[in-house]
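Peer 1: sequence? don't have it. structure:
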């Protein structure tokens with residue numbers, strides 16, 4: 001019996017060592033990245049660290065302190081749909097046990113999947129409690145590459161043309177992913193973009209903060225923060241904006257070229273992954289204060305998952321739903 005146990009242990013040890021030998025691992029202050037290629041592991045680990053710093057500044061106006069334990073990231077590069085999944089745990093006002101899996105081409109992982117998933121970790125670190133799904137996914141999708149965001153616009157156009165739009169009173173109450181999550185991603189991204197482009201990302205975070213820690217109705221909060229008398233009014237203006245092709249707002253707070261926040265990169269000809277300058281916002285909320293949301297007293301295991309839709313034909317819907 002002891003001999004059988006010995007050989008079983010030896011077998012699993014050799015299996016583990018073989019898998020480890022086929023993978024490359026690279027660590028930074030907050031991330032440990034595993035990939036098939038050592039250079040990919042290094043580039044993606046450094047990219048994750050850079051995104052954590054810059055996206056925290058984008059959303060919160062400040063950097064986050066280092067995590068107590070590193071976030072583990074597993075990279076799968078191949079001819080598969082870009083997507084990712086991040087799990088973490090809330091308990092007693094803390095968030096920990098970060099695990100991330102990302103897949104897709106090198107380019108899309110670099111400029112879309114990592115920004116998306118790392119935004120989830122930034123918001124979780126700030127709020128330390130689960131967010132409304134639409135707001136969480138909307139913010140995470142907002143920082144993806146334009147080619148990926150265009151796919152979600154097409155998903156939304158299709159839903160609105162076929163009168164399958166999700167009313168905002170239903171969207172705002174969604175706590176879990178539906179069986180088909182793509183409509184949630186598309187609606188959440190578009191609505192988040194609509195709000196962020198009016199007042200900026202940090203004001204959006206302050207709005208979500210109020211949603212989490214106050215007992216006021218959604219109608220009260222959208223009026224207080226964005227001037228819409230009700231969710232219905234917000235919905236009508238948002239859908240009209242989508243119908244018009246999502247134009248820029250008059251007097252928008254966007255200031256092109258003043259920073260490097262909305263990220264885009266091409267790894268094909270650049271192993272180091274130079275960043276392309278993007279747009280930033282002059283935000284009325286310069287620094288988001290520490291969250292006043294009541295921490296989760298009990299253990300809550302949280303999962304964020306997204307797989308990007310197929311390529312779109314970006315044609316706005318012909319009429320309101």
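Peer 2: Done, it's in. These numbers come from a predicted model, not from an experiment.
Peer 1: residue 127 contacts residue 211, doesn't it?
Peer 2: No - look at residue 127 against residue 211 with CB atoms under 8 Å: they stay out of range, at 10.3 Å. Where C-beta positions appear, they are placed from N, C-alpha and C, glycine not excepted.
Peer 1: so which of those two has more stuff around it?
Peer 2: Using other CB atoms under 10 Å as the criterion, residue 127 and residue 211 rank with residue 127 on top: 22 against 18.
Peer 1: the bottom helix or strand of this structure by mean pLDDT?
Peer 2: strand 279-281 (a mean of 35; mean pLDDT, DSSP states H and E).
Peer 1: what sits against residue 216?
Peer 2: Neighbouring residues of residue 216 by CB atoms under 8 Å, 6 or more residues apart in numbering: 210, 224.
Peer 1: quick one: secondary structure of it?
Peer 2: Three-state call for residue 216 (DSSP: H, G, I helix; E, B strand; the rest coil): coil.
Peer 1: after the helix or strand harbouring residue 138, next one along is what?
Peer 2: Using DSSP states H and E, residue 138 falls within helix 133-142. The C-terminal neighbour of helix 133-142 among helices and strands, as given by DSSP H and E, is helix 146-161.
Peer 1: how far away from the center of its chain is that next one?
Peer 2: How far helix 146-161 lies from its chain's middle: 17 Å, per CA atoms, centre = their mean, to the nearest Å.
Peer 1: same check, this time on stretch 64-84
Peer 2: Relative to the chain's own centre, stretch 64-84 is displaced by 12 Å; criterion: CA atoms, centre = their mean.
Peer 1: now residue 140: how far from residue 128?
Peer 2: From residue 140 across to residue 128, the span is 17 Å (CB to CB, to the nearest Å).
Peer 1: now swap in residue 25 and tell me
Peer 2: From residue 25 to residue 128 the distance is 29 Å (CB to CB).
Peer 1: buried sites along the helix or strand containing residue 202?
Peer 2: Using DSSP H and E, residue 202 falls within helix 201-213. Of the residues in helix 201-213, 201, 202, 203, 204, 205, 206, 207, 208, 209, 210, 211, 212 count as buried by neighbour count, 16 or more other CB atoms under 10 Å.
Peer 1: so where is the chain shaky, pLDDT-wise?
Peer 2: For the chain, residues meeting the criterion pLDDT under 70 lie at 1-22, 250-321.
Peer 1: what about residue 76, which SS state?
Peer 2: strand.
Peer 1: same question, residue 241
Peer 2: Using three-state DSSP, the secondary structure recorded for residue 241 is helix.
Peer 1: would you list the buried residues of helix 201-213 in CSV and tack on distance to residue 240?
Peer 2: Formatted as CSV, the buried residues of helix 201-213 follow (distance: CB to CB, whole Å):
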residue, distance to residue 240
201, 23
202, 26
203, 21
204, 20
205, 25
206, 25
207, 21
208, 24
209, 28
210, 25
211, 23
212, 28
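Peer 1: which one of those is nearest to residue 174?
Peer 2: Each of the buried residues of helix 201-213 was scored against residue 174 by CB to CB, and residue 211 proved nearest at 13.1 Å.
Peer 1: wait, doesn't that closest one sit right on residue 129?
Peer 2: No - if you go by CB under 8 Å, residue 211 and residue 129 don't touch, sitting 11.3 Å apart.
Peer 1: what is in contact with those two at once?
Peer 2: In contact with both residue 211 and residue 129: no residue, using CB under 8 Å, 6+ apart.
Peer 1: if I look at residue 87, how far off is residue 73?
Peer 2: Residue 87 sits 12 Å away from residue 73, going by CB to CB.
Peer 1: between those two, which one's more packed in?
Peer 2: Per other CB under 10 Å, whichever of residue 87 and residue 73 has more neighbours is residue 73, with 26 against 15.
Peer 1: my guess is the more buried one is in a strand, correct?
Peer 2: Yes - counting by three-state DSSP, residue 73 is found in a strand.
Peer 1: contacts only, for it.
Peer 2: Applying CB under 8 Å, 6+ apart, we find residue 73 in contact with 31, 32, 33, 34, 44, 45, 48, 100, 101, 102.
Peer 1: now for these, which pair is the farthest apart?
Peer 2: Pairwise distances across those (CB to CB) peak at 14.7 Å, for the pair 45 and 101.
Peer 1: quick one, which of the two is more surrounded?
Peer 2: The neighbour comparison of residue 45 against residue 101 (other CB under 10 Å) goes to residue 45, with 24 against 18.
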